[in-house]
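> what follows is a protein structure lacking sequence information:
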């Protein structure tokens with residue numbers, strides 16, 4: 001059986017020869033390597049903890065670097081909403097109540113583009129489909145009528161809907177910024193908040209356009225009037241707190257322009 005002396009590690013003769021030839025050569029023992037590896041692992045772990053603490057500090061202080069305007073991550077934040085938030089904002093647009101501002105109670109300084117984008121897309125699709133189906137139902141008794149889908153109505157409905165949901169809020173936002181510069185009592189929402197108010201106000205026209213499939217002209221116009229009154233009142237209640245401190249003529253003119261453009265869109269959807 002081997003003794004303890006035989007089991008001990010011995011220095012190799014080659015190492016001694018190398019040191020004799022080159023005295024400046026460095027040697028590393030196994031114990032030194034183990035300690036060196038341990039130090040490296042500990043340092044990496046500390047650096048990871050330091051990076052995490054830095055990220056947490058930036059998030060808590062609100063100094064996290066914002067993505068560039070030209071990057072996809074910048075626009076991704078405007079679509080970062082969940083189903084509950086979207087449904088709550090749709091409900092707020094369908095049930096406008098005095099004293100419960102849509103922007104303050106539903107947007108809460110977190111406007112999104114997800115709802116307005118898909119509401120406009122869905123509305124354009126339902127308008128085109130209901131128009132095609134209604135036209136086919138009206139001509140079903142004519143033996144000479146041959147149905148052909150009118151796909152151009154999808155394009156027209158989409159252009160009109162998106163232009164209204166973006167250009168009108170842009171004009172209103174610019175006007176309120178101008179009035180705010182003239183009078184400190186006039187308020188203003190951000191551009192995205194204004195777009196969000198207009199986008200969600202169009203949701204009521206989606207079920208209305210589906211109900212237009214009922215072949216009764218008087219019912220169609222009645223549904224249109226109800227939808228326009230409901231969504232129009234939501235717009236008035238949303239922007240009234242910003243305009244009530246302005247001069248009376250300016251306030252009335254602005255509210256009249258908001259309602260008139262909304263009614264014009266409603267009539268255009270029906271026609």
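Right, received. Where do you want to start? Just so we're clear, the structure is a prediction, and the values are computed from it rather than from any experiment.
> run a quick neighbour tally on residue 103.
20 (other CB atoms under 10 Å). Where you see a C-beta, it was placed from the backbone N, CA and C, and this is true even at glycine.
> what sits against it?
189, 193, 196-197, 238 (CB atoms under 8 Å, 6 or more residues apart in numbering).
> now, those residues that are in helices?
193, 196-197, 238 (DSSP state H).
> so how do I select the buried members of those residues in ChimeraX?
To isolate the buried members of those in ChimeraX, using 16 or more other CB atoms under 10 Å:
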select :193,196,197,238
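> so where's the stretch 51-200 of the chain uncertain?
Counting by pLDDT under 70, the ranges of the stretch 51-200 of the chain that qualify are 51-70, 72, 74-75.
> with distance to residue 261 added, can I get the contacts of residue 103 in TSV?
As requested, these are exported to TSV (distance: CB to CB, whole Å):
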residue	distance to residue 261
189	17
193	18
196	17
197	13
238	14
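> list just the nearest of the residues you listed to residue 249.
residue 238 (21.0 Å; CB to CB).
> tell me, how many residues neighbour residue 125?
Residue 125, neighbours per other CB under 10 Å, totals 16.
> shouldn't it be in contact with residue 154?
Yes: with contacts counted by CB atoms under 8 Å, residue 125 reaches residue 154, the gap being 6.7 Å.
> burial of the nearest residue to residue 166 once chain neighbours are set aside, as a residue count?
Beyond its immediate neighbours in the sequence, the residue positioned closest to residue 166 (CB to CB, 6 or more residues apart in numbering) is residue 195, lying 6.5 Å away. Other residues within reach of residue 195, judged by other CB under 10 Å, total 24.
> repeat for the one 5 residues further on
Using other CB under 10 Å as the criterion, residue 200 is surrounded by 27 other residues.
> let's verify it: helix, strand, or coil?
helix (DSSP: H, G, I helix; E, B strand; the rest coil).
> roughly how far does it sit from residue 216?
29 Å (CB to CB, to the nearest Å).
> same check on residue 231?
Relative to residue 216, and taking CB to CB, residue 231 is found at 22 Å.
> between these two, which one's more packed in?
residue 231 (24 against 11).
> contacts for stretch 187-197, please.
78, 89, 102-103, 107, 111-113, 115-116, 165-166, 169-170, 172-173, 176-177, 179-180, 234-235, 238-239, 241-242, 245.
> what sits against residue 148?
Contacts for residue 148 (CB under 8 Å, 6+ apart) come out as none.
> hang on, it in a strand?
No: under three-state DSSP, residue 148 falls outside any strand and is assigned coil.
> pretty sure residue 116 sits against residue 198.
Yes: with contacts counted by CB under 8 Å, residue 116 reaches residue 198, the gap being 7.2 Å.
> which residues do those two both contact?
Common neighbours of residue 116 and residue 198 (CB under 8 Å, 6+ apart) are residue 165.
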